[in-house]
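J.: Sequence and computational prediction follow.
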Amino acid sequence: MKVSYFPGCTLNTTGKGFDNAVRASAAAVGLDLVELPDWNCCGATYPLIIDNMLELAAPAHVLVAAQQEGSILTTACSTCYNVLKRTNKFIQEHEEERDRINTFIEAEYAGEVEVKDILHMLRDDVGFEAIADKVQLPLKDLKVASYYGCMVLRPPNEVAYDDPDHPTSLDDLVAALGATPVDFAHKNECCGAYLAVKDESITREMVYAILRSAQNAGAEAVVTNCPLCQFNLDKQQAEMRKSYAGYQPVPIFYFSQLMGLALGLETEDYGWERHYVDARPLVQKLLEGAS
Amino acid sequence: MTEPQNHNKRVLIVGGGIAGMQAALDIGGSGYEVVLVDRLPSVGGHMHQLSETFPTLDCAQCIMTPRTVDVGRHEKIKLHTYSEIEEIQGEMGDFRVRIRRKPAYVNWDICTACGACTEKCPTSIQVAFDRDLELPKTMRSGRVRHEGTGKAIYTLSPQAVPKKPVIDADHCTYLQSGKCGLCAKVCPVGAIDYEQGPSWSEERVGTIILATGFELYPLEKLGEYGAGRVADVIDALAMERLLSSSGPTSGVMRRPSDGKEPKEVVWIQCAGSRDPELAMPYCSKICCMYSAKQAMLYKHKVHHGQAYIFYIDIRSAGKRYEEFIQRAMEEDDVLYVRGKVSKVFREGEKVVVWGVDTLTGLPLEVAADMVVISPAMVPSEGTQALAGMLGLKVDEFGWWTEQDGNLAPLETVRPGIFVAGAGSGPKDIPEAVAQGSGAAGKVLSLLARWGGHDDQDAGHDELGR
């Protein structure tokens, strides 16, 4: 199945490893991601001021470009997903504003494209069972806590394809990869988002609460689908011991990295060197366990 | 349409809760025949499940038992329990009602209610009447089992009316696998009938009172409060059963997961009520009062315990209601926190509650032993189907639509059909009783216009005193 793919800025730069892993593992399960030609910024945040039409121009432009390519646009960046999905819904539901946006970007677009998160596609279009069938290296005995953040869950009526209070899609995916999902209460709590720019100590406290909850539940690794969550969860741990004595860091994976590993793909370009908490020892252990 | 003097003067009442029973007793007491239908094996409705009532702290079952007994033995009240309405045709003066009785697997006509079957039944089950509370084995073995309850063949309570048992087919070993059959062996009159199927009967009546009542919004739909999957997070009716001396713990305060005495208990108000985004926009009206009552009763049982009530506003409009709330705060040290709870989750032995105290503006975390949720009141299951049968309207939430909310709150748009109790919206016990009597009055004034009693003697018996 061929589908139009929007990488977004993060997956094109700091999250390149995530991007590589997504493309490779999606291809391995029959989802052929075709990069949207000449894509631009998704808009980065969905405007909170309802009449701020200019902020919708960028995502609308992306959607117009996607319309040329097919009926579905997918992305792996949960922030891009949130902005594109909500913009599309706004365009569908607001005729007057739609005309203004169209005039501005010189298009005639009414929300025809379906914006789908890549995890949603893996769940519903590929199917976790089909993925499980292709697993070469089951991640046996690996206890993974799935962390969803907020961007694919809220606001539920606009973006959620999963239960916003008790999401399971990542848990179900890691289970399909042979790992053991561990349930924990903080899987949908805030990672601190951009608060780190202002005051890292706030973010650190929030990240600590999340990771302590995951580790108390028995997690040896955390998996996420959001680049900003991954960054916060990963980076804040580097300094964690200064604030929380005896803290033991855990590696923070992108789901696609675990997918690539379990599918037996070449994982060299998955960006391991960019992790603040080195995931390679655990990866090595998994690879050795399999051989 | 029949001529008024030929109208049928029998009355159908759907629902045997406190409102339906009140209407039945008023009408029956005036000498007219009543057909009372309830889906449970015995009458009493939700009030039967309650521990005590606000604002007087009367034992609910004690003040209600005289009513249930009167209903059970009243010569003018014909009971169809364990039954549901399948079809209603006709119009005022001449309704034909088809009633389906579920298989009880017990021949009630010969059953003497000796209790041997429930006593000997080897299968203990979780009971819907007890809100499916599952208690740890250690507690189950040590506790007093209330006569007739909690087995695969059961009565709802020791005071059940009628006090005839039914078999829970889903859990009965014999009905599931053909083995056991113990109840049939011990029954001295041979009343157990595993082959019993449903049966149907038809009743003719001239007027109808719909007293269909309410249910609670399911915990499963309250994702932020654990979606019913967090141990020791229970709904308010389950708390009533825990507090009730006829409940699964005989009224001893124990939490379900491990049978320990909960030292800190949090009550969460407006769970699914006053929540237009996710659930119901309306106020369920009774929760402020019963949670104060429950917290008070909890404190009477666990003196050193701490009770927290998270609330948006305290709505205590009713005679002696505000004084009751003050008493909970001042005499029983119930800690009221003005703010909503955002999340409830399990952490080890504790149930963690995240909320906010809007009076200090600070977020609050309570590591509680048990959480009691006050879910929205919603119409009882089947209300919609009944509305369809009768061509009556329900509102967007499924409550009966009255003919006029202000001036005709007991009438429906159809002549001869009335509503009473919580089926038309949240009500407390005094209101439900008043409406039951009110609807009975409406019916009786019709019957008077239709020429009074067919059986004058019976009428004189009751009225001539």
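T.: Received the coordinates, thanks.
J.: what about B:M289, how many residues close to it?
T.: By other C-beta atoms under 10 Å in any protein chain shown, 23 other residues sit near B:M289. To be clear about C-beta, it is placed using only N, CA and C from the backbone, and glycine gets the same treatment.
J.: Just the buried residues of whichever strand or helix holds it, please?
T.: Using DSSP states H and E, B:M289 falls within helix B:287-301. Using 16 or more other C-beta atoms under 10 Å in any protein chain shown as the burial criterion, the residues of helix B:287-301 that qualify are B:287-299.
J.: try stretch B:384-398
T.: Residues B:386-387, B:390, B:392, B:394 are the ones in stretch B:384-398 that count as buried (16+ other C-beta under 10 Å).
J.: State the distance from the residue nearest to B:K179 when sequence neighbours are not counted to chain A.
T.: Spatial nearest neighbour of B:K179, chain neighbours left out: B:T173 (5.7 Å); criterion: C-beta to C-beta, 6 or more residues apart in numbering or on different chains. Relative to chain A, B:T173 is positioned 34 Å away (C-beta to the nearest C-beta, to the nearest Å).
J.: try B:P66
T.: Look at B:P66 and chain A: by C-beta to the nearest C-beta, they are 45 Å apart.
J.: by contact count, what packs against the particular helix or strand that has that residue in it?
T.: Per DSSP H and E: B:P66 is located in helix B:60-73. If you count contacts as 3 or more C-beta pairs under 8 Å, 6 or more residues apart in numbering or on different chains; DSSP states H and E, helix B:60-73 packs onto helix B:18-29, strand B:52-53, strand B:77-80.
J.: those strands in chain A, which residues are they?
T.: For chain A, the strands defined by DSSP state E cover A:2-6, A:32-35, A:72-75, A:114-117, A:143-147, A:180-182, A:221-224, A:252-254.
J.: taking the mean pLDDT, what do you get for stretch B:275-289?
T.: Regarding stretch B:275-289, the rounded mean pLDDT is 96.
J.: Just confirm yes or no for it near chain A.
T.: No - contact of stretch B:275-289 with chain A (C-beta under 8 Å from any C-beta of the partner chain) is absent, the minimum separation being 8.7 Å.
J.: Tell me the one of the buried residues of helix B:287-301 nearest B:C187?
T.: The nearest member of these to B:C187, counting by C-beta to C-beta, is B:L297 at 38.4 Å.
J.: Could I get the contacting residues of residue 208?
T.: With no chain named, the answer covers chain A. Contact partners of A:Y208, counting by C-beta atoms under 8 Å, 6 or more residues apart in numbering or on different chains, are A:236, A:240, A:243-244, A:247.
J.: right idea, wrong chain: chain B
T.: Counting by C-beta under 8 Å, 6+ apart, B:I208 touches B:11-14, B:88, B:95, B:390, B:416-418.
J.: cool, B:G247 as well?
T.: So B:G247 contacts B:51, B:130, B:133, B:240-241 (C-beta under 8 Å, 6+ apart).
J.: Among the helices and strands packed on helix B:60-73, which comes closest to B:G44?
T.: Each of the helices and strands packed on helix B:60-73 has some distance to B:G44 by C-beta to C-beta; the shortest is helix B:18-29, at 7.6 Å.
J.: Contacts for the closest one next, please.
T.: Taking C-beta under 8 Å, 6+ apart as the rule, helix B:18-29 contacts B:11, B:13-14, B:16, B:34, B:36, B:38, B:43-45, B:47, B:64, B:67-68, B:70-71, B:74, B:76-77, B:209, B:211, B:213, B:420-423, B:429, B:432-433, B:435-437, B:439-441, B:443-444, B:462.
J.: what about 7 Å?
T.: With contact meaning C-beta atoms under 7 Å, 6 or more residues apart in numbering or on different chains, helix B:18-29 is reached by B:11, B:13, B:34, B:36, B:43, B:45, B:47, B:64, B:67-68, B:70-71, B:74, B:76-77, B:209, B:211, B:420-421, B:429, B:432-433, B:435-437, B:439-440, B:443-444, B:462.
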